[in-house]
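*Asks:* Let me see the structure of the following:
(chains A, B and C)
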Amino acid sequence: MEMFDNIIFLLDSMVRLTVPLLLAALAGLYSERSGVFDIGLEGKMLAGAFGAAAIAYLTGNAWLGMLAGIGVGVVMALIHGIASITFRGNQIIAGVAINFLAAGLTVFLGQAWFRQGGNTPALIMEGRFQAIELPFAEALKDVPVLGGIYFELISGHNIIVYIAFALVPFTYWLLYKTRFGLRLRATGENPKAVDTAGIGVNAMRFQAVLICGVLTGLAGAYLSIALSAGFIKGMTVGMGFIALAALIFAKWRPWYVLWATLLFGFLNALQIRLQGVDLPVIGQVPVQAIQALPYILTVVLLAGFIGKAVGPKAGGIPYVKER
Amino acid sequence: MAEKSQNKMRRKKDAAASNIAIELIGINKHFGPVHANKDIDLRIIQGAVHGIVGENGAGKTTLMSILYGFYRADSGEIRVNDKQVKIKDSSHALQLGIGMVHQHFMLVDNFSVLENVILGVEDNFLLATSLKKARAELSRLAKEYELEVDPDALIEDLSVGQQQRVEILKALYRGAEILILDEPTGVLTPAEADHLFRVLETLKKQGKTIVIITHKLREIMAITDEVSVMRRGAMVGTLKTKNTDPAQLAELMVGRSVLMTVEKGKANPKEVKLEVEDLVVKDDIGVTRVKGVSFNVRAGEIVGIAGVSGNGQSELLEVIAGMRKPELGEVYVNEKAISSNKDDGAAKVRKAGVAHVPEDRQEQGLVVNFEQWENSILGYQDEDKYGKGVFLSINACRNEAKKQIEEFDVRPPNPRLITANFSGGNQQKIVLAREISSDPEVLIVGQPTRGVDIGAIEAIHNNIIAMRDSGKAILLVSVELDEIRSLSDRILVMFDGHIVGEADPTTATEGDLGLLMAGVSGSRAQRTTATKKDKTPGVSGSRAQRTTATKKDKTPGVSGSRAQRTTATKKDKTPGVSGSRAQRVTATKKTKMTPTNKTKGSA
Amino acid sequence: MSVRKPLPRWADIALLPMLNLLLAFTISGLVVLMVGENPLEAMRILLYGAFGYGEGFGYTLHFATNFVFAGLAFSIASHAGQFNIGAEGQAYLAGIGAIMVGLALDQTHWLLVLPLAMLGAGAIGGIWGFIPGYLAAKRGSHVVITTIMFNFIAAAIMVYLLNNVFKPMGQMAPESASVTNAGKLPQLREFWDFFGYAPVNVMMFVAIIALVGTFILLWRTELGYKIRTMGQNPNAARYAGISNSKIVMIAMTIAGVFAGMIAVNEVLGVQNRLVIDFVFGYGFVGIAVGLMGRNHPIGIALAAILFGALYQGGLELAFEMPAITREMILVIQALVILFTGAMEGLFRAPLEMIFTTLDFNKKSSEQEG
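*Replies:* Alright, predicted model coming up:
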């Protein structure tokens, strides 16, 4: 039974760690599908985390905090959008700049406003999102196997977790079953075709970028006011890049993004769990190997060794009505 | 001119007789300094099939793009169904009933046919209803116009011909009454082209107006009612198709511009320096552009390859220059094979004694942000005279640059000036100076006077002649027929990846060459054919050519955008196509290649 | 399509970066104002901290040394048309080479340690740059993504090595053993106590040599010509018989070697041992330095000093004005990258138009035939 409990706890941890990756990867999905490269997911998440924590602290209200996180994400996304779309600038550099901007501004403002070394003050209960108990979870807890799964794994997460997972089918529906999604995907593949069909390419891309801002802001908010109790300097620790890796690994498809981020989330949970643990035969597993696995896998994919990672054809190229 | 007033009278007559679907009056369009459309007047009768012909850069696509709302004219008036309009954008054009089938398809490759058709005209937020409606409509259109295509197939899985059907269906789905097709048969096999013509016939019977932009005279004669000829941005004239013939159209297309009379003595060709044998070349996207070309160039002669751009000349040049690897065949310089499949193949070719003046000087021949002297060593940077070992001697480079500037009269004579600041003509001189100064044995030149002003053109031509007279072998590729005619000692015409004819510049007329260039052979132009089995050495001498058409050539997607196959199956008996000078080049898999010896008037 | 000519060199190298910097500073000043401090006073403190006294100046030079290497690592790849975001990881991993040489030869002489450490660190950094270059040249993988990934992989490797290989027995902190003797690079302050405690050391001269060497490489050698041609116009490079794939691999390797020099500087010149994250973000500053310096050695030198001043002045500022942390520098750095790299159009387009108009008027008189 202990084995089972261990697994459940591990999976539970996996779910919690997957959520920011999932949200950020979906954010990147929208942006890149429209043709705008985004390596600034990390920065937007970080900024969103700060914004959410700051407002949640000041207002004592988690929902306002979440809105603030989303708002900050949108602002950062707009900067990226203006640089990439309006000014047709280099999208990679813009992303790098956003990351630094967020890293700098969050600590700077944090220190200036809260004097806690760049962190925000710890949040009280109302400032955080609390776990939600799904109906009958407590009652079913003792049902063998399924009850445990229901109680531990599926129930008992905060609202953002459920939102995040619900976003996967929603994104699939939006991208493949609606007019908006059709046009969005077309913009990333053949903007000329979109232009001749009478649809504004840049307008489409801005919409995608804004959605990206919303989702990364939400991812950040989750980190600081759901998973943790406040903003800590640099708290995204590369999650934005793992999300990017997951997106590439998932070949820019919504359901694959879910599996990819679950995989990476699992690896993260695993390496935490295995730290200092002596396994039979293998001994202590170097956790860094597991930590590095998402990145290594992405490189292998990019090198074309496990299938091709072909992104949206028009990705990274500013649209100019050329002769 | 007399023609214009004739047109005016005709216009008044016809205006009374039928409806004018589209009228363009005084359309002008500039792209920077380029005057792409000069004061264009055009009248398209409703329910007719109207052809617009012209060479590359004549301005046809620009004009139609204005009509389609992709560009806005600088000045002029557009009337649709006799009402003046200002076409704001493509959707506005569609509302007016104007639909365009582009030369390069505006399709999303990984979408299905249905998704492409509804893109931009979806009914509402949810796709399901739009898709259902489109499916029904597509089925109806398919039956009515013979435009069958699997609605759920992905574009990238369709043949080029089928993709084009999707483009047409897109326009029809949006209710286009006026259909503009831009170089529609460029990517089609003959069978697909015939199918297209049938579709167009049906559309015409249904009362649609069709405008077809092309440089292929066969199509014009086959299906149009009227044809307008454009040349260098201007409208040269509009004729009723039944009143004209390919020869006349060809002459109008290439024009009687200033005949460059270049002083040149008789050629004295010696040994073969450059030999191309059975070359087959694919482009970057895998389309075969050169389909079995063989010829040679001797020391002391200029061989000119004429042809509308897009018929394989660019790929041919690139292979000879070592920038691309051939699929089949080989290139020999002084009997040494030089083709390479490494990405630094051009170095090997240069070492073999070949210099290359590329077709696109800004794309390939120069680094425009470099100073002039840095460009004067481009391709020759490894040579010892520019520095021993790993180093570059700036002095040596700059001195050499100064010498080249002086010899070739490059202005301003400043080797430190950034190359982008030189005029087009002087940039070309820089490239020529560099290539000629390397004292090659073979010089290959593409579009030497493109974008060059009159004064420099003469100098450049004289340079080329001088090279010839000093015993170099020169291969010249140009879309300017005058240039080819005045410089070449021998002319080869390239069409659809083949050499379709060889001509003697002293006897062949513009009309003959124009016909060959447009895919129709003339009587004075020659073709000496040899079967593909004929590979005995000595056969690929100066006059032997091969026009091959094997059954492999019928695979869809093999032909490139402008390539057309000069094939006609025995089904093709459309009236009005055979004029007095037109002939059909037939080669089906059933027809054996018979050597036809038409060596009339060969040099 | 535009007929705009590129800007004259001086405008491209000096005017444009100046304008971008001005904008970056203005916005930063606004942020400073927002937190209730006086931007002008902050500027004064910053300048004083960077240049006003010996030790401060020493630190400025020390930071600048790292930034020169980082800038070169970015720029040499840029010249070949690639964005090397991986200097951070390349430098980090190169620390292995530096510390191993340092420890092994600790009892000899620094004149022996220095070149061999540079060799070792350079080799490892070079490999870490070569692999993404190879993947790009032969397998078409985008250099930006691969180098970002490699940064993280390097970090994972280093943490493992520090905890399991380099850490002496019985020590808690994940650090290597220290070099005590010849492994410590001579500090400038040993010769001139003007520099106080600043760790500026002999690597500063190596940086200067690197700058000169880069200039010679790029503008006085065949290889440099090929690199520049490739970066400007890969088609022309193909035309000229220059192997695109070879050049990309070579450029990325050289970039990695430069990044490796940061390791020598930090590990043997400052920390005297290998510690976690000793690169400290310097690799990324290189991106800003390269962009600001227009990828030219002189520009890189100036930009490196500028950022060195920013970093040192920022420390001073953080000390004097508790409301402002050194993260302000990150903000300025970010804005510089944003304006110089991504929002070029902001100033470039209007400037180009101004210059084209002026130039057009001038050219009408000196028309050529």
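*Asks:* residue ranges with poor pLDDT in chain C?
*Replies:* For chain C, residues meeting the criterion pLDDT under 70 lie at C:1-7, C:9, C:13, C:345, C:359-369.
*Asks:* same question, chain A
*Replies:* Where chain A drops to pLDDT under 70, the residues are A:1, A:126-127, A:136-141, A:147-148, A:151, A:281-283, A:306-309, A:321-323.
*Asks:* what does the stretch 101-250 of chain C put close to chain A?
*Replies:* By CB under 8 Å from any CB of the partner chain, the residues of the stretch 101-250 of chain C that approach chain A are C:135, C:139-142, C:144-146, C:148-150, C:152-153, C:156-157, C:159-160, C:164. All C-beta spots, glycine's among them, are computed from the backbone N, C-alpha and C.
*Asks:* Now with 10 Å, please.
*Replies:* Applying CB under 10 Å from any CB of the partner chain, one finds that the stretch 101-250 of chain C approaches chain A through C:131-132, C:134-136, C:138-164.
*Asks:* where does the residue in the stretch 101-250 of chain C that chain B sits nearest to land in three-state SS?
*Replies:* Using CB to the nearest CB, the closest approach of the stretch 101-250 of chain C to chain B is made by C:Gly241 at 2.8 Å. Following DSSP: H, G, I helix; E, B strand; the rest coil, we place C:Gly241 in the coil state.
*Asks:* Find the nearest non-adjacent residue to it, please.
*Replies:* Spatially, and ignoring its direct neighbours in sequence, C:Gly241 is nearest to B:Ala347 (2.8 Å; CB to CB, 6 or more residues apart in numbering or on different chains).
*Asks:* hang on, the earlier thing: and the residue of the stretch 101-250 of chain C closest to chain B, what is it in contact with?
*Replies:* By CB atoms under 10 Å, 6 or more residues apart in numbering or on different chains, the residues touching C:Gly241 are B:321-323, B:340, B:342-351, B:378-382, C:226.
*Asks:* In helices only, show me these.
*Replies:* B:Gly345, B:Ala346, B:Ala347, B:Lys348, B:Val349, B:Arg350, B:Lys351, C:Lys226 (DSSP state H).
*Asks:* on that earlier part again, from chain A, how far off is the residue of the stretch 101-250 of chain C closest to chain B?
*Replies:* The spacing between C:Gly241 and chain A, counted by CB to the nearest CB, to the nearest Å, is 27 Å.
*Asks:* Then C:Met328?
*Replies:* 5 Å.
*Asks:* Could you verify my assumption that that residue touches A:Ala112?
*Replies:* Yes - using CB atoms under 10 Å, C:Met328 makes contact with A:Ala112 at a distance of 9.5 Å.
*Asks:* ok, the two, which is more surrounded?
*Replies:* Taking neighbours as other CB atoms under 10 Å in any protein chain shown, C:Met328 and A:Ala112 compare with C:Met328 leading, 29 against 22.
*Asks:* Not counting residues beside it along the chain, what's closest to the more buried one?
*Replies:* The shortest distance from C:Met328 to any residue other than its chain neighbours is 5.3 Å, reached at A:Phe108 (CB to CB, 6+ apart).
*Asks:* The one you found contacts C:Leu317, correct?
*Replies:* No - contact criterion CB under 10 Å: A:Phe108 and C:Leu317 do not qualify, at 11.2 Å.
*Asks:* Which of the two has more residues huddled nearby?
*Replies:* In this view A:Phe108 and C:Leu317 are compared by other CB under 10 Å, and C:Leu317 has more residues nearby, 29 against 26.
*Asks:* residues contacting the more buried one?
*Replies:* C:32, C:37, C:41-50, C:310, C:323-326, C:328-329.
*Asks:* by contact count, what packs against the helix or strand hosting C:Gly213?
*Replies:* Assigned by DSSP states H and E, C:Gly213 falls within helix C:203-220. Applying 3 or more CB pairs under 10 Å, 6 or more residues apart in numbering or on different chains; DSSP states H and E, one finds that helix C:203-220 contacts helix C:54-79, helix C:110-139, helix C:222-232, helix C:244-263, helix C:297-320.
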